[in-house]
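# what's the 3D shape of this:
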Amino acid sequence: INSLKFLSIFLIFFKHKITKKIIKKFLCRFFIIKKFPKFYFFLIRKISAFFQIQTQKIAFF
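Model (predicted):
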């Protein structure tokens, strides 16, 4: 995943309520990264896939 591309996608959806909920969950479970790195990377892939779908929807408008 291109980090700059992911960051720009992330910033687009920063104002969305869903994204705010995701950020809150990240902050609450940030310790998981050290204890369960595999789960953390799985979570990142799921969220990045979600953002890719959202950007595709916006591209049609």
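# how close does Phe10 sit to Lys25?
With distances taken as CB to CB, to the nearest Å, Phe10 is found 14 Å from Lys25. Heads up, the C-betas are built off the backbone N, CA and C, glycines and all.
# ditto for Ile53
Counting by CB to CB - Ile53 and Lys25 are separated by 19 Å.
# more crowded one of the two?
Counted by other CB atoms under 10 Å, Ile53 and Lys25 do not tie: Lys25 has more neighbours, with 13 against 8.
# what about the strands in this protein?
Taking DSSP state E, the chain contains no strands at all.
# Sketch out the low-pLDDT regions of it for me.
Along the chain, segments meeting pLDDT under 70 span 1-2, 13-20, 27-37, 40, 55, 57-61.
# the helices in it, which residues?
Counting by DSSP state H, the chain has these helices, from start to end: 3-12, 17-28, 32-35, 37-60.
# Kindly calculate the angle that the first one makes with helix 37-60.
If I follow you right, that is helix 3-12. On the basis of axes from the mean of the first three to the mean of the last three CA atoms, to 10 degrees, helix 3-12 is oriented at 70 degrees to helix 37-60.
# quick one: buried residues of helix 3-12?
Buried residues in helix 3-12, counted by 16 or more other CB atoms under 10 Å: Ile9.
# so what does that helix touch, helix or strand wise?
Contacting helix 3-12 under the criterion 3 or more CB pairs under 8 Å, 6 or more residues apart in numbering; DSSP states H and E are the following elements: helix 37-60.
# what about dumping the CA coordinates of the helix it packs on to CSV?
The C-alpha coordinates for helix 37-60 follow below in CSV (Å, rounded to 0.1, in the frame of the first residue of the first chain):
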residue,chain,number,x,y,z
PRO,A,37,0.8,-7.5,15.4
LYS,A,38,-0.8,-10.0,13.0
PHE,A,39,-4.3,-8.9,14.1
TYR,A,40,-3.2,-5.2,13.7
PHE,A,41,-2.1,-5.7,10.1
PHE,A,42,-5.3,-7.6,9.4
LEU,A,43,-7.3,-4.7,10.8
ILE,A,44,-5.3,-2.2,8.6
ARG,A,45,-6.1,-4.3,5.5
LYS,A,46,-9.8,-4.3,6.3
ILE,A,47,-9.9,-0.6,6.9
SER,A,48,-7.8,0.2,3.7
ALA,A,49,-10.2,-2.0,1.7
PHE,A,50,-13.2,-0.1,3.1
PHE,A,51,-11.6,3.2,2.2
GLN,A,52,-10.8,2.0,-1.4
ILE,A,53,-14.5,1.1,-1.8
GLN,A,54,-15.6,4.5,-0.5
THR,A,55,-13.2,6.4,-2.9
GLN,A,56,-14.5,4.4,-5.8
LYS,A,57,-18.0,5.5,-4.9
ILE,A,58,-16.9,9.2,-4.7
ALA,A,59,-15.1,8.9,-8.1
PHE,A,60,-18.4,8.2,-9.8
